[in-house]
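[1] Build me a model:
(3 chains)
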Amino acid sequence: MRVHAITNTAAQVFTANLLLAAGGIPSLTVAADEVAAFVSQAAALLVNLGTLDADRRASIPWAIAAARAQKKPWVLDPVFVDLSPPRLELARLCLIGCPAALRCSASEFASLAGSDHDRDAAVQAFAKEHAIVVALTGPVDRVIDGTRSVTIDHGHPLMSRVAAMGCAATALIAAFNALHDDPLEAAAAALLVIGIAGEIAAERARGPGSFEPIILDSLYGLDRSTILARASTA
Amino acid sequence: MRVHAITNTAAQVFTANLLLAAGGIPSLTVAADEVAAFVSQAAALLVNLGTLDADRRASIPWAIAAARAQKKPWVLDPVFVDLSPPRLELARLCLIGCPAALRCSASEFASLAGSDHDRDAAVQAFAKEHAIVVALTGPVDRVIDGTRSVTIDHGHPLMSRVAAMGCAATALIAAFNALHDDPLEAAAAALLVIGIAGEIAAERARGPGSFEPIILDSLYGLDRSTILARASTA
Amino acid sequence: MRVHAITNTAAQVFTANLLLAAGGIPSLTVAADEVAAFVSQAAALLVNLGTLDADRRASIPWAIAAARAQKKPWVLDPVFVDLSPPRLELARLCLIGCPAALRCSASEFASLAGSDHDRDAAVQAFAKEHAIVVALTGPVDRVIDGTRSVTIDHGHPLMSRVAAMGCAATALIAAFNALHDDPLEAAAAALLVIGIAGEIAAERARGPGSFEPIILDSLYGLDRSTILARASTA
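    Okay, here's the model as predicted:
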């Protein structure tokens, strides 16, 4: 199952390796005249707005259009949208393209939604308005749609010391949306799996450097019984 | 010995590290107005068609021209040419530039050569027609020119779970072509060496994450006697 | 503390991970219309001239202008300037923008300054003329400004077998310039810290592959007493 990932240049390698460790196939081109062919034949699409250069900007609309035309799920990651006004504007345009899910930090969400949207009820209203799942990640993850919410309390602080961990998690959300019809459950399951892989990795890692290869090993070796035994969603 | 690698954004780091582990020096620029100077002073050139953005597209013809002008060997890796019609067209144009070798998967080769070219005799005819070595990699690798063929049965399944392993192998084929005059032997030796490094790495790796640094260590530590003891080409 | 790094595509991931391991936050965009917003709110800027494509070329002047407007320190890394005449010209233009420090190899420095500038007195004259710190790295590092010089004899040969080690060191010099007012001491301290982390990593690494994650672990775990115990600057 191939996932096409338009993602930032610092996230491409780790995202590709995470998808491979999870049993998927990554493709990553950002060329505007190729991207529609890649997305049309993929199972899902990730659009991550990091390192938003001219090629990415030109290819994102075609990628989203191809995903919608083929009814493939796609997921939006508006990295650092709180730091760049033109990126914020583009992120809002992307939201019109009906992503299955939006994965971001609380401060990125606040920029997108307006600063008064930081309580759960407000996130739910935003999710309902846009008919999407909002996955707010941090020390504790919350996954919210128009009517439901899940809290996932897994992972490890070292995950925030490895570049592109959140970006790669969004790619896994895209992959899980290709495997499962309910976007809230798909997003929650992806974050649960990566959180558990992170907990297992932290038991062996000596720092953020060794944590990176070890979390890929953990994800690769993860089985159903380990997930069920460790899962705790509040 | 420096190898200039025009390669996809997901392969650049691993390719650079693999060349360094093998004792080489990588350079990677894809800027059209710099690439000729870089290639002219390099020992060999890799052209990998992944993530074929505007900069890569503009620089590839100049890079090939510089390699030919200086009689430096160059090697073509037509990644995912089976997924993108414009990339397929460009790959065919690249073949006119007389690469020493073409490294690809069976399905990428089928796209390039036409779908009736999947038997060995057909690959040989293609190699003869284009005066190149064709290296078809997979669980077992075959290296074929107009008159000869070598089968290499080395490596490990984890190699297909690490991003850019095949792309980096093509860079090693380019490097070996700078060291040895026979392109078939150079390509076969490069794939043999990386396959043996992979076998050794698999003995210590716990998954695809740890496999990546360990195969670089294995390659770095590989000596002549280990290669001769493990080599088996059918 | 965020450091904005305009750096080459082979260095982005390792640079981001090194900044994260050192307790910083990286940002990496090279889009011309975003970069000023990113730099204005950052603590320091790295400009590395590797893989100098159209986006990098367009964004570097705006990034430098934003750093100067906000009085944020910035550091220049003219990678491979000895191989590419257009890059050399651009590097000289960058020097007019008053970087706090220039980090390069001896041969890159010779290209920038003219080939008769290889003795310490000549480096000092160059540093004085441009009012910058020159950090010449190699088996032994020298950090020189208009009046002072420091020699740092740390590190390990494996550091030259990992892609982007020097590029990432320059990012750390930028970070240290945000923390400390004296650019010579900041540059020397950054190179000392990364050299000591490399020495510790070499005790456990089995080759360049495992060296990369382990040096990040070492840097992450480094404390004041270890640095003071190991430091030897001649």
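[2] who touches A:A113 in this structure?
    A:122-123, A:126 (Cβ atoms under 8 Å, 6 or more residues apart in numbering or on different chains). C-beta here means a position set from N, CA and C on the backbone, and glycine is covered the same way.
[3] cool, A:Q12 as well?
    By Cβ under 8 Å, 6+ apart, the neighbours of A:Q12 are A:5, A:28, B:9-10.
[4] Just the buried residues of the contacts of A:A113.
    A:123, A:126 (16 or more other Cβ atoms under 10 Å in any protein chain shown).
[5] sorry, back to before: out of the contacts of A:Q12, which end up buried?
    A:5, A:28, B:9-10.
[6] hey, where'd the strands end up in chain A?
    Per DSSP state E, chain A carries strands over the ranges A:2-6, A:25-27, A:44-48, A:74-77, A:101-104, A:133-136, A:141-144, A:149-152.
[7] Save the buried ones among the contacts of A:Q12 as CSV, and put in distance to B:A169 and pLDDT too.
    Shown next, in CSV, are the buried ones among the contacts of A:Q12 (distance: Cβ to Cβ, whole Å; pLDDT from 0 to 100):
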residue, distance to B:A169, pLDDT
A:A5, 23, 98
A:L28, 18, 96
B:T9, 18, 94
B:A10, 15, 95
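[8] Among the contacts of A:Q12, give me the pair with the biggest separation.
    Farthest pair in the contacts of A:Q12 (Cβ to Cβ) is A:A5 and B:T9. Separation: 11.1 Å.
[9] so what sits against both of those two?
    A:12, A:28.
[10] so can I have JSON lines of the strands of chain A showing distance to C:A188?
    Below are the strands of chain A laid out as JSON lines (distance: least, Cβ to Cβ, whole Å):
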{"stretch": "strand A:2-6", "distance to C:A188": "41"}
{"stretch": "strand A:25-27", "distance to C:A188": "41"}
{"stretch": "strand A:44-48", "distance to C:A188": "37"}
{"stretch": "strand A:74-77", "distance to C:A188": "39"}
{"stretch": "strand A:101-104", "distance to C:A188": "39"}
{"stretch": "strand A:133-136", "distance to C:A188": "42"}
{"stretch": "strand A:141-144", "distance to C:A188": "42"}
{"stretch": "strand A:149-152", "distance to C:A188": "45"}
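[11] what's the closest of those to chain C?
    strand A:44-48 (12.1 Å; Cβ to the nearest Cβ).
[12] and the angle for that closest one with strand A:2-6?
    20 degrees (axes from the mean of the first three to the mean of the last three Cα atoms, to 10 degrees).
[13] So is strand A:44-48 next to chain C?
    No. Using Cβ under 8 Å from any Cβ of the partner chain, strand A:44-48 never reaches chain C; the gap is at least 12.1 Å.
[14] rewinding a little: tell me, which of the contacts of A:A113 make contact with chain C?
    Of the contacts of A:A113, not one also sits near chain C (Cβ under 8 Å from any Cβ).
[15] Of the contacts of A:A113, which belong to helices?
    Taking DSSP state H as the definition of helices, the contacts of A:A113 contribute A:122-123, A:126.
[16] pLDDT added to these, as CSV?
    Formatted as CSV, these follow (pLDDT from 0 to 100):
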residue, pLDDT
A:A122, 89
A:V123, 93
A:F126, 95
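[17] correct me, but A:Y220 touches B:A205?
    No. If you go by Cβ atoms under 8 Å, A:Y220 and B:A205 don't touch, sitting 10.1 Å apart.
[18] For chain A, which residues are neighbours of chain C?
    So far as Cβ under 8 Å from any Cβ goes, chain A lies against chain C at A:8-10, A:13-14, A:50-54, A:57, A:80, A:83-87, A:160-164, A:205-210, A:212-213.
[19] now these: which count as buried?
    Here, 16+ other Cβ under 10 Å leaves A:8-10, A:13-14, A:50-54, A:57, A:80, A:83-84, A:87, A:161-164, A:205-210, A:212-213 buried among these.
[20] What about those, which are in helices?
    Checking these against DSSP H, those in helices are A:13-14, A:54, A:57, A:87, A:208-210, A:212-213.
[21] In JSON lines, list those residues along with pLDDT.
    Listed next are those as JSON lines, based on pLDDT from 0 to 100:
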{"residue": "A:V13", "pLDDT": "97"}
{"residue": "A:F14", "pLDDT": "98"}
{"residue": "A:A54", "pLDDT": "89"}
{"residue": "A:R57", "pLDDT": "94"}
{"residue": "A:R87", "pLDDT": "94"}
{"residue": "A:P208", "pLDDT": "98"}
{"residue": "A:G209", "pLDDT": "98"}
{"residue": "A:S210", "pLDDT": "98"}
{"residue": "A:E212", "pLDDT": "98"}
{"residue": "A:P213", "pLDDT": "98"}
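[22] For chain C, state which of those residues is nearest.
    Nearest to chain C among those, with distances taken as Cβ to the nearest Cβ, is A:G209, at 2.8 Å.
[23] and the residue nearest to the closest one when sequence neighbours are not counted, what does it touch?
    Leaving out its chain neighbours, the residue that sits closest to A:G209 by Cβ to Cβ, 6 or more residues apart in numbering or on different chains is C:L216, at 2.8 Å. Going by Cβ under 8 Å, 6+ apart, C:L216 touches A:207-210, C:17-18, C:21.
[24] Widest-spaced pair of the residues you listed?
    Using Cβ to Cβ, these span at most 14.2 Å, a distance reached by A:S210 and C:L18.
[25] tell me, which helix in chain A spans the most residues?
    Counting residues, the longest helix in chain A under DSSP H turns out to be helix A:183-202.
[26] packing partners for that one?
    Helix A:183-202 is packed against strand A:101-104, strand A:133-136, strand A:141-144, strand A:149-152, helix A:165-179, helix A:208-221, helix A:224-230, with contacts defined by 3 or more Cβ pairs under 8 Å, 6 or more residues apart in numbering or on different chains; DSSP states H and E.
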